[in-house]
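Asks: Need a 3D model of the following:
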Amino acid sequence: SATEVLDRLYARALVLQSDQTKIALVSVDLLGLQHQDVVEVRKTLSEFSYVMVASTHTHEAPDVIGLWGASAEVSGVDPDYLLLVRNAIVSAVRIAEKNVIPVKASFGTFENYSLLKDFRLPDVFDPILRVLKFERVSDGKTAGILVQWNSHPIEPDKNTKITRDFMGVTVDTLEKRHDCPVVYFSGAIGGLMGTSVAPFLDSNGEPLFEDALELIQLYGNAVAEVAEQALQQAEPIQLLPLKIYWKPIYVPFPNEGFRKARAAGLLTRPAFV
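Replies: Next up is the predicted model:
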């Protein structure tokens with residue numbers, strides 16, 4: 001259970017609009033908001049052509065899945081907290097929608113192998129950081145930045161503090177530098193793509209352990225520097241016309257632990273035969 005708040009959790013939204021087509025891209029500082037909650041958000045934002053809700057995958061946030069209760073037989077989900085999360089997402093989208101302005105977009109990437117490693121075989125990960133930068137048509141100033149990187153959080157061992165993990169440090173650093181909102185999205189991290197601590201040393205010049213709390217700040221700053229490299233290489237991109245393509249997909253559910261958790265009522269997400 002959490003003992004204090006290291007830094008606040010957020011729902012951050014980017015709204016793209018062209019004529020009557022509106023798209024909302026939302027990032028929440030949670031482990032993984034479940035599909036049924038996203039469906040409820042979409043119902044509230046029904047005038048949007050599409051609403052995507054993604055999680056940064058921080059492990060140091062309230063349980064929104066049901067796997068971290070007081071015991072193996074008790075869900076850790078608080079329904080009131082899920083309602084708060086859904087309302088926060090809708091509020092973030094409404095605020096972004098209210099502040100829509102004409103912008104020009106540019107897209108940039110930067111490749112970095114030193115900050116990633118795969119904790120499971122096969123050893124494979126995506127070393128490319130991607131950014132979208134939006135500049136005001138009126139004065140050319142940066143109006144917002146989207147960052148996408150592909151790493152599990154630091155997840156310090158025995159940490160009892162609520163935190164956005166390194167993703168929050170990256171966002172805060174870039175917001176301060178560019179004086180604009182920043183939205184962070186995690187990419188493909190499921191293999192178990194995670195943080196490499198090789199480049200980082202403590203105050204005594206000794207290598208840091210992978211569960212060190214100070215790695216959150218160091219790694220977040222390092223990712224922000226990679227983002228700066230991508231921003232420097234960003235080139236204009238045409239985002240119009242806005243078109244949305246989507247369809248539901250069904251995947252096998254072979255994980256025995258999850259199957260047992262669902263049978264026990266800990267996981268409430270619908271499943272199908």
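
Asks: C-alpha only now, for contacts and for neighbours.
Replies: OK.

Asks: Against Leu192, how distant is Arg262?
Replies: Using CA to CA, to the nearest Å, we find Arg262 at a distance of 23 Å from Leu192.

Asks: Then Ala92?
Replies: 30 Å.

Asks: what about Asn159, how many neighbours?
Replies: Using other CA atoms under 10 Å, Asn159 has 16 neighbouring residues.

Asks: State the three-state secondary structure for Arg262.
Replies: The local conformation at Arg262, judged by DSSP: H, G, I helix; E, B strand; the rest coil, is helix.

Asks: Show me the helices in the stretch 101-250 of the chain, by range?
Replies: Listed in chain order, the helices found in the stretch 101-250 of the chain under DSSP state H, counting those that start in this stretch are 166-178, 215-232.

Asks: What's the mean pLDDT across the last one?
Replies: In this case it means helix 215-232. Helix 215-232 carries an average pLDDT of 96.

Asks: residues of that helix that come out buried?
Replies: The neighbour-count check on helix 215-232 (16 or more other CA atoms under 10 Å) flags 215-224, 226-231 as buried.

Asks: Could you do the first one as well?
Replies: For helix 166-178, the buried set under the neighbour-count rule, 16+ other CA under 10 Å, comprises Phe166, Met167, Gly168, Val169, Thr170, Val171, Asp172, Thr173, Leu174, Glu175.

Asks: mind checking how far the fifth one is from Lys247?
Replies: For Thr170, the distance to Lys247 (CA to CA) stands at 32 Å.

Asks: Run a quick neighbour tally on Val41.
Replies: Using other CA under 10 Å: Val41 sits among 21 other residues.

Asks: List the residues that contact it.
Replies: For Val41, the contacting residues are Arg86, Asn87, Ile89, Val90, by CA atoms under 8 Å, 6 or more residues apart in numbering.
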